[in-house]
Each structure stands twice: as structure tokens, then as C-alpha cells.
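Participant: here is my input, please return the structure:
(3 chains)
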Amino acid sequence: MSKLIRAMVFGLLGASIALPALAEDLTFWNWRPEDTAAYQKFFADFHAQNPDINIKFQGYEPSSYATVLSTALSGGQGPDLMMVRAYGAFEAMAAPGYLMDLTGKVPALENFPKTAVAAETLRSDGKVYAVPYASQTIFVMYNKDVFDKFGLSEPKTWDELLADAKTLKDNGIIPFANGTATAWQNETLTFGLGSSIMGKGFYDDFMAGKATFEDPRFVEALKSLTEVKDYLPDGFTGLDYPSSQQLFTSGMAGMFVGGSFEIAGFQKAAPDMHIGVFAAPAKAAGDPALVSVFYDGGFAANAKTEHSAAAVKFLNWVASKEFGQEFANDLGNVSVVPGVEFKSPLLGEVASLNQQSIPYMMLVYFRYQEPSGSVLLQQQVQKMMAGETTPEEAAAEITKGIATYYKPFQK
Amino acid sequence: MTGWIDKRALWIAFLVAPAFLILLTFVVYPLVNALAYAFFDWQSTVRGDFVFLDNFRDILFKEPFATWTRQAFTHNVIVFVSLMVIQNGLGFLLAYALWRNLPGARFHRIAVFLPVVLSTIIVGFLWKLFMHPLFGLVNQTLRAVGLGMLAMPWLGDSKTALGALIVTNAWHWIGFPTLIFLAGMQRIPGEIMDAARMDRDNEWSIITRIVWPLIAPSATIVFILTFIGSFNWFELPYIMAGIDGSPFGNTDVLGLYFYRMAFGNQSAGTTDFGHGSALAVLTFLFIAVVATFWTIRLRRREIEI
Amino acid sequence: MSTVTAGPARREREWSWGTLTQDALLQIVLIGNSFIMLFPIVIMIFNGFKSTQQIFKEPFGIPDFTQIGNYATIATTTGFPRYMLNSFIVTGSSILLILVFGTMAAYAIARYRFRGSAIILLFFISGLTIPLKLAIIPLFLLMRDLHLLDNQLALICTYTAMGLPSTVFIMTGFIRTLPRDLEDAARMDGASEARIMWSVMLPLARPAMVIAGIQNLVPIWNDFFFPLVFIQTDHLKTLPQGLTSFMGEFTTNWGVLFAGLTLAAAPITLVYIALSRQFINGMTSGAVK
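Facilitator: Numbers count the residues shown, from 1 in each chain, chains lettered A, B, ... in the order given. Predicted coordinates for the structure are as follows:
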């Protein structure tokens, strides 16, 4: 009731104030139709502070969003404000000049993590075109109740991880819920389990142009992946992504290798389950356990919007701590806005795991060109897990495909 | 008199124009453009420079695209040959059985055609659920009758995935060739059959020497439609195997590859209308040339007989 | 109906053990085939009345048909009714346009001699086997420029264009066979050309229109590809496309999934069973001429 009254008061106030000022209506697109309610709440808050600006939400399906958006923008249509992805998919929108250049317009970006801003920066002109909003972490999620029941704890070495898996299997619980039938699941599996085995050293050498994916450390990570085969569900090569989620949320499986973006969905599907997270450990005790991290995307404005002042106001607002906090609280995302505190202990734990990480490499570096590193890795790992190629061959194929356009790999 | 002709011409134009213009706008114009687009470099959905044959060269000869193109094409060929044997071969047998007009023929005719009216999406999802590695009907049946060792991830194993899709397709479409063959058989004049039976030919030689040649027009249609259908395969693999042709490209076909290239997939957000158009043009030319060539050959065979 | 009167000549055939064994074998083939065709559909319907646990435990069991919880879930929490309505709108409008424009063009080609009529017929016929899917990129950009993306008109235009060639083909063939006398008599009476077409000829062409309508009904009702590319907003989706979002949403609830599949299959299956003869003729008529 109070809401209604508040709305009425706002409405009256709005009407009396807005009459001379002429309210501006801006459209906003993203690929999260399931978050409609949350965004409408955010926009209402924004409207409360900026009574002359209304923002209208429209969500599209993730699989078609890139095409929908780029088609609309290239036809001179499209929204005033939008969410864009990061890295390669971001450049597909920024490079043709569809997005507003944010240089000097959003001062708060100065304090954002450098890697986050880089994810929304066009490499060719070095300019920022979007305000990054969240990072995602690839690691292992586990069912705490199941772990407690069998006296298991978060593993500190790779062997402990396998031992935990064996205990679960012996007790009739599927250790890992993951299947490999959905191609991209192979990429999360690789980095969710293998990042610590690849290690920071491999990543640094790769950045210095000294290591390819044929590097023994990367091959070792792939090999370790094949050791997990026994602990995946029966017929895992035919098990698709939704079935894997189902196995985990139903309690039939103890662990799920995947991204932090799963947590909200898992909690919704199984509200009573206690979820824990850990970084899959390295082989030797004492070597750092790493997770794999990437930035999800950012908020951007249409370069051709008729409401550029209002759009800039909005972008400054989403770069504020106030919004970052709301975003983290309501959507369970690890906001990249500096100073945000995570109320949910699980989210806090994810944020602290992020301190020891390597990037989610294929997405971060090799989705700018075809053949994308992700497609190559997914295919080869899927093949390897089916026992139809070896880790060495898979690594060689991935490297070869990327070498068609990536200079440091061309020998 | 001229006034009448003008009025008549106007009347004819009025009748023909709507259909003509719709076809011109939504079929001819896109087809011509598809060809033109293939010669340009595209930045996602924006047309860039004229690059002549570069896009064609890339998908045919540049690795790893060349391998992917070849792989998808090979799968289309396998699909076509298998469907010719399974779907059309069984279709012929069923048509022959229905032609006998045995008790219940009417029921069987309705039953065999029932899946044909269902959407590929429904059929694909239904069989995907049936072939689920853990809870699917197929594996559960095998386990129930003690053949658990035969239970396998049908859609996840590189040896069975494409076969599983082909069997599903045959289940879905078998009614179509069956009823076309049946219609052809029913056109065979009774006297010819009576004469053949008088000669005391055995049934097999009647089939091969009389029935088969006489239903040649139906066979031509079935072959051409199977050919075009096989090289346009998209919905069934899209639903059952996913857009990447899992596992590792073992169910990838030209339709999926084209869609992926043109509209991107989740892990490669790149939209590439140039290479996509080139692939579409090649596929189109291949279908058109082979289908025309075959139609002429088969029609000639019909006339000879 | 030629399909019903199969081989009266063969019934007079002399009876022998040979033909009897053959007939028995063929009958077994037919029964086996019908079982394979219908069993999956029966299981689909049965499982729509079960809970997920029941499906996993006893996949073949006969359910309690009063358990309509799955259907209630679908009716109350999904966009299913909306998808169904959209399919009706899109399919209905497309078939209406196809029949109207197709019959008009066919009538002109079949009843009047004019220069270029043969070429125009050829133009329509050459569209018969064109796989329009391969022209999706330019079609997509065309729809964008016409501001028809994410709009059901894009589907209706595409389907109409796809359905016209076969309809013009069927209708031209049929209208040509209609007798000239009636037309001439009407003309003598001073009826206008439009009047002759509307009140004299078209009523006679109705059977062919039914065939053409059914031939277009199944592929348009079932199409998935064009909505996949053209439509993004959930409440504009047609049934097959909506079904994919539905299947993605309820992946963990197999009972609801089977109920959804049953519901999606129901309309066309019921129409088919009621009109099976027309369906079979309609769908195979393009091929048998």
C-alpha cells in the first residue's frame, strides 16, 4: 500500500515538475530477460534521482542478442543504452563506431581495476566505450551438505580432489555433475579444473610470447582433466548442460565445475542446498590454487542517441558505488565497482578467490578472430574427453588454429 | 476495342501483380543479393570492401575452415545416402505392403504419416529425451531387458551421434516417400499387373521389372526431395546436437555451419555475413546443379521406360 | 478417391499359399511399423501425466490420467497459450494471403491468353524448389530495412513468398481444367470479368484451394528457422520457437516437458486425424502430378 502511495506521490510530483522540463524516455537493452524485475527496480531508483529521465527495459535471449543488437545499430536504430559484452564480442559493437566514446565522460572509471576497463577498451584506438559491471569466476562449486555427510573437506592438492571424488563415487554420489555434450562446457571444465596446474608461470610466459598451448604446463592441465573422466556421470559425452545443472541441484552430484554466474540459478532451483566454492588445487601442496576470471560486459550508450546528456548521467550512475552495491546485492554478481561490499558470504568468498587467478584465456584473448580459441579448445577437449585424441594432439591443434592469426604462435 | 484491351490488361496486371511482387521482393531480391554479398568483406553486419573471391577461398582452402567445410559436406552426403537407403527403401517396402490393401491398411496409412505432420522441433526434443544417457527411454529399456552394456550416450558418442539423428529423421519422414510411392503404385493399370501374374512371374521379378519402372516418376520426386532436404538439414541437428554439431563436429552439417558463421554462436560472438554468404552461395549452386542434372537424367529414364 | 480403391484387380487373384505367406509377412511389417510410429507418441502422452520421478522409475507405466498438474503448470506459468495464439495468427494470415494472391495469379495465367503468361508461370514454378533458408542473410537485412525485424509481418511475408509458387502451380493446373462454357455464358450475359471470376469460377476451384491450403499449412505451422532469425521478443514467438525457450526453462522437470511436447503436437495431430485423407493428398500432391 505504501508503495502505491509513494508511486502516486512521485507521479504527482513528477507530473508537476516534468511538465515544463519535458521528460526524456530512454530505451535500454540487454540479454537478461530473467532479470527484468531487478532492472526495473534499478531504473526506478535512477528515476527517483533524475525525475526527468525514464528508462525502459527490454531483454533479449542471450544466443541472439549479438545479432539483434548489431543489426539494429547498423540500421541506425537500436536502444539509447545497452549492455555490451567484453573482449571480442565488445569490439564487434565498438569497432564500427556504434558506441559512445566515454573518454573523460565517466571520471569514476579511473579507479576501476585496469583489467576490467581493458575488457571494454577498443584495442585499435585505446578508448573506453563501456562501464564494466561484473567479473565472473570459473572454479568448482560443491554441495556442502553432501561433503559434510561423507566427512570431506575442500581439497588442498589435486590428489585430494581425486580422493574426495572417489569417496563420493563409492557412496553412490556422482562426483562431478558435468557433461561434455554442450560444447562450451568443455571450456569451463578446462579452466575450472586446470588453472592451478597451468599456473601463473605459464600465463606469464604466454603473455611474454614465450609459451604456446603446447607448453608442457598446459598439456599437463589437459592430462589431469582426463583423470577426472571416471568421476563424471555415466555417458557424460551425451550429457548436455541443463542435465548437468539438474544433477547438481537435485543432489545427485556433489560438485559442479562452472562459473560464478551459476550460483543465483542454483540457489533458486535448490533453496535448501548449501553451496561452497573452491579453486581446483595444484598438484603439489603449497602451490597456489587459482581460479579463472573474466569480465562479463559493460554498460554502453548509443553513439547516435538523441539523449546523450541523459545517457552520460546514467553511465556515471552505473559507475557509482551505490549502484554497484545494489547490483551485487540483487543480482548476486561480483561487481567491479571499487569499494562494493558483498553481503552474501558466498559472494565475498568468490571475490576473495579472485585475488589468486589467471584470466579465462580463450575468451579474454582469442575471441577477436575466427577460428576463435574457444571454438578450437571446446572441440579438442570434447574430443579428448571422449578418448579420441590425446592431450598432446589436442594442444597442438589448438595452437595451430590460433597461429593462423596470432603472431607469437607463428614460428 | 482498344479501351477494352487496356481494361483487360489492367485486370490481368491486377491479378498477377501481388504474387509477382511478393516473390520478387522476398525471394528473387534476397537470392540475387546473397550472391553479391559473398564478394564483400563484412564487419559483422556492415558491408565493407569488395574482396572478390576471398571469402570463397577462405572457406574452401584456408585451414581450419576448409576442414570444417569438408567435414560438414561429408556429413550431408552421409545423411543423404543413409536416408535414401533407410527412409526411402523402407518407404518403398511399406508402400508395397499398403498397396496390397490388407485388413487395417487405412489405419496403417494414417499411422505411418502421423509423424510427418509434427514439427521437427517436437520430434527432435522427444527423441533427445528418449536418448538421454541417464534417464532416456532407450537406455532404460536396454537396462531393463538385461542389455545394459549396450546402453550408451547415443548423441554424445562420435560413432553413433549422426546415426541417431538419421534414424530420428527416418522415423519423422518415412510416411512421405511411402505415400508418394503408394500413389505411384495405385496408378499402375490393373491390366498390366494381371498380365504379369498370368505369366506366373514371381513377386520379386514383378517388383523389379514392372512396379519399379512404372513408378519412376514418383521415385524421381522422392530422390530429388530427399537430396534437397538432406543438404538443407538444420532443425534436427540444431535441436538434438546443438549449434556446434556436438560431439566435436561429428554431426556438423552445412546448414549448422552456415548458421554459425552468419549469426555466430555463444562462444564466438562474431557475425560474419561475408563468409556466411559465400558458403550459402556454394551450397545453393551445388544443390541447384545436382538437382537439375538429376531431374533431367531421371526424367529421361522415365521416358525411355 | 484413387487412394482408397487400391487394386480391385488383385482381389480377384487366385488364392494360394504363396500369396498368403507374403500377405502375412507384409501384414507383420505394417503392424511392426505402425507400432514404431505410434509407440513414442503414446509414451510422450503418458509421460505428460507423470511426475519426473515416475518417468525415471517406470517410463512405460500407464499413468493416472487425472493428474493434470503438469498441464496446469504450463497453462499458468508459461507463454504457451500466447505461442499457440501467435502460431494461429501467423499461419492463418499467411495461408489467407497465399490463397488469395496465388489464386488471382493462377486465374490470370490459366484463363487469359496474354503475352508473357508462359514466362510468368515459369517464374512462379522456378520458385518451387528454392531453399530460401540459404538467402537468410539478405532476407534478414531486407527485413531490417523494412523495419520488420522482431515483427510477425516478417514471417507472414516470408511464408507467403514461400507458399506462392506451389499454390500458383496447383491452382493453374486445376483452373485450366474448368469448362469454358460457364464463363462464356456469363460473359454473354454481360457480367464483368471480376464478377465471372468471383461468382462463377472460384466456387468451382474450391477443392484445389483446400489442397493448396493444406500443403502450406504443415510447413508454415511447423517452421522454426525463420522465427529463430526474425523474432526475439518472447510474446511474439510462434509455437515451435516458443517450445525451445520452454524446453530450456523446464529442463529439470521431465513431466512438464512431455506435457509441453504433447500440447504442442496436439492441434496439428487432431486436425490431421480428422482430415487425414485431405492431409495426405495435400502434402503429396506437389509430388504426384
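
Participant: where does the chain have low pLDDT?
Facilitator: With no chain named, the answer covers chain A. A:1-22 (pLDDT under 70).

Participant: please go with chain C instead
Facilitator: Looking at chain C by pLDDT under 70, you get C:1-15, C:286-289.

Participant: can you tell me the closest non-neighbouring residue to the residue in it that chain A sits nearest to?
Facilitator: Using Cβ to the nearest Cβ, residue C:251 is the residue of chain C that sits closest to chain A, at 3.4 Å. The C-beta positions use only the backbone N, C-alpha and C, and glycine is treated the same way. Excluding its sequence neighbours, the residue lying closest to residue C:251 (Cβ to Cβ, 6 or more residues apart in numbering or on different chains) is residue A:242, at 3.4 Å.

Participant: correct me, but residue C:194 touches residue B:11?
Facilitator: Yes: Residue C:194 is in contact with residue B:11 according to Cβ atoms under 8 Å; the separation is 7.3 Å.

Participant: in what helix or strand does residue B:168 lie?
Facilitator: Following DSSP states H and E, the helix or strand that holds residue B:168 is helix B:161-173.

Participant: just the CA trace of that helix, in PDB.
Facilitator: The C-alpha coordinates for helix B:161-173 follow below in PDB (Å, rounded to 0.1, in the frame of the first residue of the first chain):
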ATOM      1  CA  ALA B 161      25.500 -39.400 -32.900                       C
ATOM      2  CA  LEU B 162      25.000 -38.900 -36.600                       C
ATOM      3  CA  GLY B 163      23.300 -42.300 -36.900                       C
ATOM      4  CA  ALA B 164      20.900 -41.400 -34.100                       C
ATOM      5  CA  LEU B 165      19.900 -38.200 -35.900                       C
ATOM      6  CA  ILE B 166      19.400 -40.100 -39.200                       C
ATOM      7  CA  VAL B 167      17.200 -42.700 -37.500                       C
ATOM      8  CA  THR B 168      15.200 -39.900 -35.900                       C
ATOM      9  CA  ASN B 169      14.800 -38.200 -39.300                       C
ATOM     10  CA  ALA B 170      13.700 -41.500 -40.900                       C
ATOM     11  CA  TRP B 171      11.100 -42.000 -38.100                       C
ATOM     12  CA  HIS B 172       9.800 -38.500 -38.700                       C
ATOM     13  CA  TRP B 173       9.700 -38.600 -42.500                       C
END
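
Participant: immediately after that helix, which helix or strand?
Facilitator: Taking DSSP H and E, what comes next after helix B:161-173 is helix B:175-186.

Participant: okay, the helix or strand that comes right after that following helix in CSV with CA atoms only?
Facilitator: Per DSSP H and E, helix B:175-186 leads on to helix B:190-198 as the next helix or strand towards the C-terminus. Provided in CSV are the C-alpha atoms of helix B:190-198 (Å, rounded to 0.1, in the frame of the first residue of the first chain):
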residue,chain,number,x,y,z
GLY,B,190,-4.7,-53.3,-63.3
GLU,B,191,-4.4,-55.0,-66.6
ILE,B,192,-0.6,-54.7,-66.6
MET,B,193,-0.5,-56.4,-63.2
ASP,B,194,-2.9,-59.1,-64.3
ALA,B,195,-0.9,-59.8,-67.4
ALA,B,196,2.3,-60.1,-65.3
ARG,B,197,0.6,-62.5,-62.9
MET,B,198,-0.7,-64.6,-65.8
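
Participant: the residue lying closest to residue A:388 once chain neighbours are set aside: what secondary structure?
Facilitator: Counting by Cβ to Cβ, 6+ apart, residue A:388 lies nearest to residue B:158, which is 6.2 Å off, once chain neighbours are set aside. Secondary structure, DSSP: H, G, I helix; E, B strand; the rest coil: residue B:158 is coil.

Participant: residue B:158 contacts residue B:249, correct?
Facilitator: No: here residue B:158 does not reach residue B:249: they are 9.0 Å apart, not a contact under Cβ under 8 Å.

Participant: ok, these two, which is more surrounded?
Facilitator: residue B:249 (23 against 18; other Cβ atoms under 10 Å in any protein chain shown).

Participant: any idea whether the more buried one is helix, strand or coil?
Facilitator: coil.

Participant: what about the nearest residue to it once chain neighbours are set aside, helix or strand, and which?
Facilitator: In space, residue B:249 comes closest to residue B:71 once its chain neighbours are excluded; the distance is 5.7 Å by Cβ to Cβ, 6+ apart. Taking DSSP H and E as the definition, one finds residue B:71 inside helix B:65-83.

Participant: chain center to that helix, what's the gap?
Facilitator: Offset of helix B:65-83 from its chain centre (Cα atoms, centre = their mean, to the nearest Å): 13 Å.

Participant: those residues of the stretch 1-150 of chain C touching chain A, which are they?
Facilitator: Within the stretch 1-150 of chain C, the positions near chain A by Cβ under 8 Å from any Cβ of the partner chain are C:140-141, C:144-145, C:147, C:149-150.

Participant: low pLDDT regions in the stretch 151-300 of chain B?
Facilitator: B:200-201, B:265-270.

Participant: ok and the residue in it nearest chain C?
Facilitator: residue B:190 (3.2 Å).

Participant: what's the neighbour count on that residue?
Facilitator: For residue B:190, using other Cβ under 10 Å, the count is 12.

Participant: can you tell if stretch A:76-94 touches chain B?
Facilitator: Yes: judged by Cβ under 8 Å from any Cβ, stretch A:76-94 comes into contact with chain B at A:85, A:88-89, A:92.

Participant: show me those residues that map onto strands.
Facilitator: Mapping those onto strands (DSSP state E) picks out residue A:85.

Participant: among the residues of stretch A:76-94 next to chain B, name the ones in helices.
Facilitator: A:88-89, A:92 (DSSP state H).

Participant: out of the residues you listed, flag the one nearest to residue C:49.
Facilitator: Nearest to residue C:49 among these is residue A:89, at 43.5 Å by Cβ to Cβ.

Participant: buried ones in the helix or strand hosting residue B:297, by neighbour count?
Facilitator: Using DSSP H and E, residue B:297 maps to helix B:273-304. Neighbour-count burial for helix B:273-304, counted by 16 or more other Cβ atoms under 10 Å in any protein chain shown, picks out B:273-284, B:287, B:291, B:295, B:298, B:302.

Participant: with stretch B:186-194 instead?
Facilitator: Of the residues in stretch B:186-194, those buried (16+ other Cβ under 10 Å) are B:186, B:188, B:193.

Participant: now swap in stretch C:213-230 and tell me
Facilitator: C:213-218, C:220-230.

Participant: re earlier: you'd agree the residue of chain C closest to chain A is up against residue A:246?
Facilitator: Yes: using Cβ under 8 Å, residue C:251 is in contact with residue A:246, at 6.1 Å.

Participant: between the two, which one's more packed in?
Facilitator: residue A:246 (22 against 17).

Participant: residue contacts, the residue nearest the centre of chain C?
Facilitator: Nearest to the mean C-alpha position of chain C, by Cα atoms, centre = their mean, lies residue C:218 at 1.4 Å. Applying Cβ atoms under 8 Å, 6 or more residues apart in numbering or on different chains to residue C:218 gives the contacts B:116-117, C:268, C:279, C:283.
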